[in-house]
Each structure stands twice: as structure tokens, then as C-alpha cells.
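Asks: my questions concern the predicted model and sequence given below.
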Number of protein chains: 2
Amino acid sequence: MVQGGLICPAGPGCYHYLPSAVRAMEKLVGLIDREMRAIGGQKLNMPSLSPAELWRASGRWDQMGRELFRLADRHGKDYCLGPTHEEAVTDLVAAQTNLSYRQLPLRLYQVTRKFRDEPKPRFGLLRSREFYMKDMYTFDASEEAAHRTYSLVCDAYRRVFEALGLRFVQVQADTGSIGGTVSHEFQLPADIGEDRLVLCPTGHFAANVETISAEQTTCPTCGEPLTPTRGIEVGHTFYLGTKYSSVFNATFYSAENKLQLAEMGCYGLGVTRILAAAIEVLSTEDSIRWPSLIAPYQVCFIPPKKGSKEEKGAVLMEHLYDDLAEAVPQLAGDSVLDDRTQLTIGKRLKDANKLGYPYVIIAGKRVCDDPPVFEVWSQNTGEVMFLTREGVIELLSKVRVP
Amino acid sequence: MVQGGLICPAGPGCYHYLPSAVRAMEKLVGLIDREMRAIGGQKLNMPSLSPAELWRASGRWDQMGRELFRLADRHGKDYCLGPTHEEAVTDLVAAQTNLSYRQLPLRLYQVTRKFRDEPKPRFGLLRSREFYMKDMYTFDASEEAAHRTYSLVCDAYRRVFEALGLRFVQVQADTGSIGGTVSHEFQLPADIGEDRLVLCPTGHFAANVETISAEQTTCPTCGEPLTPTRGIEVGHTFYLGTKYSSVFNATFYSAENKLQLAEMGCYGLGVTRILAAAIEVLSTEDSIRWPSLIAPYQVCFIPPKKGSKEEKGAVLMEHLYDDLAEAVPQLAGDSVLDDRTQLTIGKRLKDANKLGYPYVIIAGKRVCDDPPVFEVWSQNTGEVMFLTREGVIELLSKVRVP
């Protein structure tokens, strides 16, 4: 099963995540958790079953139309499966009576499954009907404070994409069914992207074309012609103001002891979508590439085929595998020894390329040299190196594992 | 919000898990992950939306009755929200054609939300309609191998409860709607438990009363009268045989290259239920107690009230808080300084008891001694100690954090 791929269809637009995909996802969630904690984020967990009355109160029970999965329980009470949780979290905060301005800002987030009945699910995890999202909801005491929170979250999102080594753009965006007055998308430029963007070539301006007029063809700052491109949306931020806090009466006591509505923002990162989009933009035709930090495993060892001339290299490779685990303990759980030695090296290398290891170490012909030399394929740079045992350990001791 | 309790109702039988509960749950999941990996478990993740045809194939679409949450998508296709995943995982493994006996056993597990439309949700997380469960499904090449797997998983479950310090019994159980031929429950003895058990006083025999005849009042091994007790079910194991593999044709090639049905087992741990049950059996009327290993935070520091005689102790406590983070780095993220110094120590201690810290450190009267002495409340033993700065650090350096 470890060799068995990343996802497997489970129904239209629904996928089983296989063990390697789960490893990558847990690493990504760990990275996101750290960045969310760094800006004072507190992690909670809200149910998927979301009572219809909350959505009727906000007007979105009708507005969301057929994108909502709807169901009734045995008592006939209506629910939807939450595609997003503005209503639920605002209702939760509204229930904290006696909230004081001293307790603000609240920056609450969760990493949970979301549901959206997409008319045409496609591109695997890029547009699926059940997916993981990190959603944060913030509550501030003033508009000014809420805008500060907004910048902080955007900074954290940028750090996430930088840590992953993914080229991204932050563009002006439409607020859609979520609402609010200010919104940005984080987009990974990619030909298969469904969003059409325009960028100022010197970086002054970037927007989703939905937000600008057809006449706007030059940068409002420097006048350069805007470049059209396509992007995959992987994050979205919204300044909501009091749109939801006024509906659910989410209030706090101000310094003057007056009840005031909280100023809100909401922020999403598509967790499974980032996985899929990263593979899409980094991979080549022959091999899957991951952002190193979240690769399911860092290193794959491929010993020689049984019965080959290099067969005695198998022992040397097993020693190297054990030595590495000892010298670089953080890689111990992140290395795989593919001991299916009834298969050729070529066949196993092909399998390795389907999973995406930043490093593949092969006991090829030169494993019979004295001292033995291993082939080290650095898959993310395309380099092949010939290194002794010491050389391999030195190289891999620099690998960052989250 | 950190001080705001553990759960908050979100609808009938549905709960928001607040940040402290999420911390405890993530620690518990980490512990379970380690034990599952130790027995060769591979973590995957299956969707909640489960196509009706799978459940029709197994006969459970009708059998499960109103306990299944059912819904249709925009194209009228029927789904349920998975309460358990025998059908889905067997279908997934059946799709791996060319599976060889060499690749068995497969021990696949997930930690995900499950859904059950309980007629009467009650006791908070003990019987809720949306909850977290760890479910493992195993595939073996022979009945004998499957029984070996069954013992291994039971051993791992015992290690989980032992690590948590929870008294448990493993009892003979009914196979219910899951089916199969052998089944055990892991039960925490508790008066509020919904299950009625009988135990041999010397440990030869333990059963859920559902599985024995009314006449059986003595131990079948030693003849001692069986003691009745009540329990909270926190784990359940099933030997399934080929019940599901025969429906979905989950086969493998044997050593003789013949197609054979896989022998299955399934195993569940109620993640949120363990949290609730542990609190239930450990807590006192005045204060919540957690198994130390999964307490949301290990230590709470309570400096003196502003304006009190001991006020200058606040600085000493802040130093202690910083020194501890440096001397015992694994506690740095697990310590909370309750600097709401406008409140009395008593009020803050009460709040601390609502969350459950294994250790509460108070700057009481003797913080003015030379050298300063802190009050250390060991909440799980009920002890109160008076310790200097060095004494506190020595004591807490022994705390195990997962």
C-alpha cells in the first residue's frame, strides 16, 4: 500500500486519501498550525452538520442553492453539511456573553472537512465535493484592529507558501457568497488554473479579472500593460465587517462598557487543494515532485536486483539505511527501503517517481567500487550525484523535516 | 477562549470542540497513531459521503435503519454519512487487483468524524451524533493470520488505556450490525455507563450481559460468582472473516497463485468518547481531571492579585514561568500563565479546575518568604506541596509530554 499511489476515487468527486497522501497532508497541517499559532490562532473544531436555522438567519440557505448538501435527521430537522462556517462560529462567539474588549482579538481556526455539491467535480482534489480546508474566523474590537488582523493573516499565508517554495500571487478578488468589502485570493500561476488573472509585470497590481473592468488593461500605478495569466486559487481572505456579527448579535463590552458588534474577518486555505496544486505545478511528465517540506517520505533506498552482479551491494545499502537513521534521526521515519528485490532497479525507480521522493538512492554499478559509491538522485533539481556513504549522510543531514 | 471550557452545544447531539478540547484530542490521536504504527498500521482517510450502492451491496442500507444519516446529491444519487467504513475500505482494497499474499497483512486505519443519527443523544460527547473515531480494518491471508492480527490490535488497545492510566476491562461482546464471529469491547467501569457487564472477581472472565444467558451467574473457569458492574464502551474489536470481502470480492493471490478472499477484522476506538469517559471517571465534583498524558495543558501559573500584599510575587512567578520553559522545553507550549490579576487567586483557581491542569502553581502568602516558596497543587493526586523555584523545576522536569 505504501507504493500504491496517493488517492483513489470513492464516488463522484470524492476520494480516499492513501497513506502517502495522509502523510503529506499531516505535514502540511503541521506547518499551517505553526503559522496560525504564531499569529495567536486558537484551534477549535466545529461540526459538519450545520442546523438550517443558522443559514436561514444569514440568508444563505437560499443563496447557496444547490451547492449545499442538505439533509434531515430522524426528527425532520434540516441541516446542511458545512461548506464554510461563518454562521456557526459567529453563533458560537455570540453565546459567549460578557466578552470583554480585553479578550479580543479572537482568532479561531479549524482544519476540517468541508462539503460542496460541485456541479462538475474535476481535476481530482482540485475541485472535489469533500475536501479539507483550514478556515480562520477573527473577531476584533474595531475596524482598524480588524484590518491589522487581516494583514497579519495575509502575512502568515505568504509565509506558508514561501516555506513550501511555491510561486504565488496575492490578487484582488470578488467577495462572492461570503460577502464583506475587501477580499484577496492567493493563486498559484498554472496553465490549468480555472481563474483568469491580470498582473502588473513589476508587481504593483494583481487582480482576478472578475474584479476589474474590461477597459482596465494597464497597471493603475505604473501604467505598464497588465499581463494575463491563469491561476489555481489556494487561499482566500475576506474582511467581513459586521455582516455576520450583526445577524447573530456577536457583541463585546467596549472600554466604555458599551455593547458593540465585533468586526470580523474570515480566511481560508485549501489544504487538499494545496497538495494537488503543488504537485500540478512542480511535477514533470515522468515524476511527481512535492514541496520538500511536505513530501510523504524524504528518501527512497533502492538496493540491487536479486541475482544481479551488484547483488552484494544490498548489504551495503541496508547498512547505509541504518546508519542514516542513526546519524540523522529526524529522517528515520521519513526513509523507505524498497526491498522488493525481485524487481529491477528501473521498475522500482518508476514506482518511486509516482510517489515523489526528494531523494532516491540507488545501489548501481559503482556500489562495487572501493569505497562503494551510491547514485543519489535529487528529484527536485534533476541532479544525479555519485557519493560515498559519508557523502550521502552529509548531504541528507541538511534536509529539513517539519 | 483558552479559559472558556471544553465543548459548546452546536445543535442536538453536536458539539463545538473548544481549543482546550482540541489540544487534548490531538494528544490522544498522537498516542493512538504511535500504537497503530507500532503494529504496522497505515493511516488513510476515507470520505464521509458514502455511496448508497456500497451499503445496498452489504445489506446494511436497510439493516441500519434510521441510525444512518441519508442524503441525495444534486443529481439524485443517494449517500449516507459513514458511521463506520467496512464497505468503503473493502471496496478500496478490492480495487487493488494483483494484490499478493506477500503484501498482506494490510492494516489500514483512519481517525475521522463519524455520523450516527442517535434517537436520544445524551451525556455530551459520550453519545453524540457526530464524533471522532479511530477505525482500523485489517486484511490477512488466512484465518490464523487474521487471529494473530486480532490479538495484536487488542494488545495495542490495552497499551493505549494503560498509557492513559485508565482502568479498563476487555469483555466478550455482541457483534451487532457489524457482524462477524468474535468480538470484544473495551469498557471503562463507571456508574453512569450504559452497558451492563459481569466480571469474574479474579479476572478469568468478563462479558457484556448481552452475550450470556441469564442462568450464567458464575465464572466458567473458577466457578466464583460473577460481579455485575456498568461500563462505558470506548473500544470494540470484530473478527469479520470473509463477511465483507466476499461481498466486494476483496481477493489476493496466494503462494500457489490462486485467488483467495482476504480474512478481515475491524477495530474501533471512540476518540471523543475516550476524552469524555476519561473525564467522567477521573474527575471530582469540584475539578476536572485528565489522564496526565493528554491534559490540554500541563501547568497553570497563578500570580497574586493586583494590589494584594503578595503583589511583588508576580514578578517572581513570571521568572519561574520563563525559567521552566527554558529548563524543561517540552513544557514551554504546555504551560499557561493566568495573568488576569484583576481576579482573586481563588476565582482563577476555580477556572483552572474547570479545565483540568495536572499542576497548578500559586504565588500564595509564602511567595514573600526568603527564598520564595510556591504552592504546587498536584491535581491528579490531591497533594499540595510548598516548593522553592528549584523544587518546582525539579518536580516538573519529570512530567511526560507526548
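Replies: Yep, that arrived.
Asks: C-alpha only now, for contacts and for neighbours.
Replies: OK.
Asks: mind giving me the packing neighbours of the top strand by length along chain A?
Replies: Longest strand in chain A by number of residues (criterion: DSSP state E): strand A:227-241. Contact here means 3 or more CA pairs under 8 Å, 6 or more residues apart in numbering or on different chains; DSSP states H and E; on that basis strand A:227-241 packs against helix A:143-164, strand A:182-189, strand A:195-199, strand A:263-270, helix A:271-282.
Asks: kindly reformat these as JSON lines containing distance to chain B and mean neighbour count.
Replies: Listed next are the helices and strands packed on strand A:227-241 as JSON lines, based on distance: least, CA to the nearest CA, whole Å; neighbours: other CA atoms under 10 Å in any protein chain shown:
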{"stretch": "helix A:143-164", "distance to chain B": "17", "mean neighbour count": "17"}
{"stretch": "strand A:182-189", "distance to chain B": "26", "mean neighbour count": "23"}
{"stretch": "strand A:195-199", "distance to chain B": "24", "mean neighbour count": "21"}
{"stretch": "strand A:263-270", "distance to chain B": "16", "mean neighbour count": "25"}
{"stretch": "helix A:271-282", "distance to chain B": "12", "mean neighbour count": "22"}
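Asks: next, format these as JSON lines and append mean pLDDT.
Replies: Formatted as JSON lines, these follow (pLDDT from 0 to 100):
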{"stretch": "helix A:143-164", "mean pLDDT": "98"}
{"stretch": "strand A:182-189", "mean pLDDT": "96"}
{"stretch": "strand A:195-199", "mean pLDDT": "95"}
{"stretch": "strand A:263-270", "mean pLDDT": "98"}
{"stretch": "helix A:271-282", "mean pLDDT": "95"}
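Asks: and those as JSON lines, adding distance to B:Gly11?
Replies: Output for the helices and strands packed on strand A:227-241, formatted as JSON lines (distance: least, CA to CA, whole Å):
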{"stretch": "helix A:143-164", "distance to B:Gly11": "29"}
{"stretch": "strand A:182-189", "distance to B:Gly11": "31"}
{"stretch": "strand A:195-199", "distance to B:Gly11": "37"}
{"stretch": "strand A:263-270", "distance to B:Gly11": "22"}
{"stretch": "helix A:271-282", "distance to B:Gly11": "27"}
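Asks: quick one: closest of these to A:Pro291.
Replies: Closest approach to A:Pro291 among those is made by helix A:143-164 (5.3 Å; CA to CA).
Asks: specify the residue ranges that define each domain of chain A.
Replies: A:7-282, A:297-396 (automatic domain parsing).
Asks: what about the stretch 201-350 of chain A, any weak spots by pLDDT?
Replies: Applying pLDDT under 70 to the stretch 201-350 of chain A flags no residue at all.
Asks: got the residue ranges for the helices in it?
Replies: Ranges of helices in the stretch 201-350 of chain A, per DSSP state H, counting those that start in this stretch, are A:245-248, A:271-282, A:313-327, A:345-355.
Asks: just the stretch 1-150 of chain A next, same as before
Replies: Using DSSP H, counting those that start in this stretch, helices in the stretch 1-150 of chain A cover A:19-38, A:52-58, A:60-63, A:86-94, A:143-164.
Asks: residues of the stretch 51-200 of chain A that sit close to chain B?
Replies: Applying CA under 8 Å from any CA of the partner chain, we find that the stretch 51-200 of chain A lies next to chain B at A:51, A:66, A:69-74, A:88, A:92, A:103, A:106, A:117, A:119, A:130.
Asks: which one of these is nearest chain B?
Replies: Using CA to the nearest CA, A:Leu71 is the member of these that lies nearest chain B, at 5.3 Å.
Asks: count of neighbours near the closest one?
Replies: A:Leu71 has 22 neighbours, counted by other CA atoms under 10 Å in any protein chain shown.
Asks: was I right to think it contacts B:Leu71?
Replies: Yes: A:Leu71 is within contact range of B:Leu71, at 5.3 Å (criterion: CA atoms under 8 Å).
Asks: the inter-axis angle of the longest strand of chain A versus helix A:271-282?
Replies: 160 degrees (axes from the mean of the first three to the mean of the last three CA atoms, to 10 degrees).
Asks: in its sheet, which strands sit next to strand A:227-241, and in what direction?
Replies: In the sheet, strand A:227-241 lines up against strand A:182-189 (antiparallel), strand A:195-199 (antiparallel), strand A:263-270 (antiparallel) (DSSP bridges).
Asks: mind putting the ones you listed in CSV, distance to A:Tyr15 included?
Replies: Listed next are the strands paired with strand A:227-241 as CSV, based on distance: least, CA to CA, whole Å:
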stretch, distance to A:Tyr15
strand A:182-189, 23
strand A:195-199, 23
strand A:263-270, 15
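Asks: tell me which of those strands approaches B:Trp55 most closely.
Replies: Of all the strands paired with strand A:227-241, strand A:263-270 sits nearest to B:Trp55, with 30.3 Å by CA to CA.
Asks: let me know the angle separating the closest one from helix A:86-94.
Replies: On the basis of the same axes, to 10 degrees, strand A:263-270 is oriented at 130 degrees to helix A:86-94.
Asks: dump strand A:263-270 to CSV, restricted to CA.
Replies: What follows is strand A:263-270 as a C-alpha-only set of coordinates in CSV (Å, rounded to 0.1, in the frame of the first residue of the first chain):
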residue,chain,number,x,y,z
GLU,A,263,-15.6,43.3,13.5
MET,A,264,-14.9,40.1,11.6
GLY,A,265,-12.7,38.6,9.0
CYS,A,266,-12.6,35.1,7.5
TYR,A,267,-9.7,33.3,5.9
GLY,A,268,-9.4,30.0,4.1
LEU,A,269,-6.5,27.8,2.9
GLY,A,270,-7.5,24.8,0.7
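Asks: other residues contacting that strand?
Replies: A:86, A:132-143, A:146, A:150, A:153, A:234-242, A:244-245 (CA atoms under 8 Å, 6 or more residues apart in numbering or on different chains).
Asks: hmm, back to that, which one of the residues of the stretch 51-200 of chain A next to chain B has the most neighbours?
Replies: A:Pro51 (24 neighbours).
Asks: pull the CA atoms of stretch A:344-352 into CSV?
Replies: Presented in CSV, the C-alpha positions along stretch A:344-352 are these (Å, rounded to 0.1, in the frame of the first residue of the first chain):
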residue,chain,number,x,y,z
THR,A,344,14.6,-4.4,-11.4
ILE,A,345,16.0,-1.1,-10.2
GLY,A,346,14.3,0.6,-13.2
LYS,A,347,10.9,-0.7,-12.3
ARG,A,348,11.3,0.4,-8.7
LEU,A,349,12.6,3.8,-9.7
LYS,A,350,9.5,4.3,-11.8
ASP,A,351,7.3,3.5,-8.8
ALA,A,352,9.3,5.9,-6.7
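Asks: does it reach chain B?
Replies: No: Stretch A:344-352 is not in contact with chain B by CA under 8 Å from any CA; minimum separation 15.3 Å.
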